[in-house]
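Trainee: whatever this is, show me its structure:
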Amino acid sequence: MRWGTPQRPDCEGFLIAQFQQLNLSRMDFREVYAEFVDAAKLPDEIDMSIQIQQKIQNYYNTNGGT
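Mentor: Model prediction:
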């Protein structure tokens, strides 16, 4: 597949038939996988608990506990 030149890039993408011809087992997806893993990380429980407690305290300080 040709990608064009920097001045005239070809960003057309793959047709389904072209994608089916790819041998995905020979491709290195480590970088993409690492990005997905980083994006899917859950917040730290202790940090989240502290944030929640602070928000509750801020609410009571602002609203007088009513």
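Trainee: and the residue nearest the centre of the chain, what pLDDT?
Mentor: By CA atoms, centre = their mean, the chain has its centre lying nearest to Ala39, at 3.7 Å. Confidence at Ala39, expressed as pLDDT, is 84.
Trainee: for Val32, see how far away it is.
Mentor: Separation of Ala39 from Val32 (CB to CB, to the nearest Å) stands at 11 Å. Every C-beta, even on glycine, is put in place using the N, C-alpha and C of the backbone.
Trainee: shared neighbours of those two, anything?
Mentor: Taking CB atoms under 8 Å, 6 or more residues apart in numbering as the contact rule, Ala39 and Val32 have no neighbour in common.
Trainee: thinking again about what came up before, OK, contacts around the residue nearest to the centre of the chain?
Mentor: Ala39 touches nothing, counting by CB under 8 Å, 6+ apart.
Trainee: which helix in the chain has the most residues?
Mentor: Ranked by number of residues, the top helix in the chain under DSSP state H is helix 45-63.
Trainee: packing partners of that one?
Mentor: The helices and strands touching helix 45-63, judged by 3 or more CB pairs under 8 Å, 6 or more residues apart in numbering; DSSP states H and E, number zero.
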